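Undergrad: Whatever this is, show me its structure:
(2 chains)
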Amino acid sequence: EAQVTQNPRYLITVTGKKLTVTCSQNMNHEYMSWYRQDPGLGLRQIYYSMNVEVTDKGDVPEGYKVSRKEKRNFPLILESPSPNQTSLYFCASSLSGRGLTNYGYTFGSGTRLTVV
Amino acid sequence: QKEVEQNSGPLSVPEGAIASLNCTYSDRVSQSFFWYRQYSGKSPELIMSIYSNGDKEDGRFTAQLNKASQYVSLLIRDSQPSDSATYLCAVNTIMEYGNKLVFGAGTILRVKS
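TA: All right, here's what the predicted structure looks like:
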């Protein structure tokens, strides 16, 4: 089954404790992206990756890191989480991130993160 | 001004009616447009895409695009209680570095039986 797999689904952590949210896709998609979703603000892009070893900042990258060492994986790292990073996080992938395309995104199931 | 604007709702319609969801965008050069449906606590699911002016129909869903007015809409015919969800409009713009997809905050739709 074609899918984007995120783990964990739920996570409660304390301020300053480093954490990683994993994301893996099995569709050989070039493009992957991380979003956070907050009430009233919609989906905001954190980081994206056009392909292996190619990553760039989205609209809200502060406090986050990513890497793309393999095509299928795109982990999100919070080096020192703070309460304002409490949110619902989604990983998404698409066949390509370039050109006039109608490729929609496939989203993972989401990770609800609470930082206390 | 937000790049993609939607009325937050909730939009309430009776079962069997037509639900009309609207979205405006600010970047005149945007090229492709998407509608996603998101059930509470779930991930967004792509339901329609459109990139030419006019209408595009898929089952009970019709997407409408007017690039001159920078306006895209989604019509849901014969609305069902199972259509109750948040509908996200997403606008794609080709940038020098690649595509940029921006989401609206979503419209809550409630279909009452």
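Undergrad: Can you pull the residues of chain B lying near chain A?
TA: Contact residues, chain B versus chain A (C-beta under 8 Å from any C-beta of the partner chain): B:8, B:31-32, B:34, B:36, B:41-46, B:49, B:51, B:88, B:90, B:92, B:94, B:97-99, B:101-106. Where C-beta positions appear, they are placed from N, C-alpha and C, glycine not excepted.
Undergrad: Now which of the residues you listed would you call buried?
TA: Buried members of the residues of chain B next to chain A, scored by 16 or more other C-beta atoms under 10 Å in any protein chain shown, are B:31-32, B:34, B:36, B:43-46, B:49, B:51, B:88, B:90, B:92, B:94, B:98-99, B:101-106.
Undergrad: Tell me which of those residues fall in helices.
TA: Within those, no residue falls in helices by DSSP state H.
Undergrad: ranges for the strands of chain A?
TA: Here chain A has its strands, by DSSP state E, at A:4-7, A:10-13, A:19-25, A:31-38, A:42-51, A:54-57, A:65-66, A:76-78, A:87-94, A:106-107, A:111-115.
Undergrad: Reformat those strands as a markdown table; add mean neighbour count, mean pLDDT and distance to B:Ser12.
TA: Shown next, in a markdown table, are those (neighbours: other C-beta atoms under 10 Å in any protein chain shown; pLDDT from 0 to 100; distance: least, C-beta to C-beta, whole Å):
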| stretch | mean neighbour count | mean pLDDT | distance to B:Ser12 |
| --- | --- | --- | --- |
| strand A:4-7 | 19 | 97 | 32 |
| strand A:10-13 | 13 | 97 | 31 |
| strand A:19-25 | 19 | 98 | 36 |
| strand A:31-38 | 24 | 94 | 23 |
| strand A:42-51 | 22 | 91 | 21 |
| strand A:54-57 | 14 | 90 | 39 |
| strand A:65-66 | 18 | 98 | 40 |
| strand A:76-78 | 19 | 98 | 36 |
| strand A:87-94 | 23 | 95 | 25 |
| strand A:106-107 | 22 | 94 | 27 |
| strand A:111-115 | 19 | 98 | 27 |
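Undergrad: Can you lay out those strands as JSON lines showing distance to B:Asp55?
TA: Formatted as JSON lines, the strands of chain A follow (distance: least, C-beta to C-beta, whole Å):
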{"stretch": "strand A:4-7", "distance to B:Asp55": "31"}
{"stretch": "strand A:10-13", "distance to B:Asp55": "41"}
{"stretch": "strand A:19-25", "distance to B:Asp55": "32"}
{"stretch": "strand A:31-38", "distance to B:Asp55": "28"}
{"stretch": "strand A:42-51", "distance to B:Asp55": "25"}
{"stretch": "strand A:54-57", "distance to B:Asp55": "35"}
{"stretch": "strand A:65-66", "distance to B:Asp55": "39"}
{"stretch": "strand A:76-78", "distance to B:Asp55": "38"}
{"stretch": "strand A:87-94", "distance to B:Asp55": "25"}
{"stretch": "strand A:106-107", "distance to B:Asp55": "26"}
{"stretch": "strand A:111-115", "distance to B:Asp55": "37"}
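Undergrad: Could I get those in TSV, plus columns for distance to chain B?
TA: Formatted as TSV, the strands of chain A follow (distance: least, C-beta to the nearest C-beta, whole Å):
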stretch	distance to chain B
strand A:4-7	8
strand A:10-13	11
strand A:19-25	12
strand A:31-38	8
strand A:42-51	4
strand A:54-57	7
strand A:65-66	15
strand A:76-78	15
strand A:87-94	6
strand A:106-107	4
strand A:111-115	9
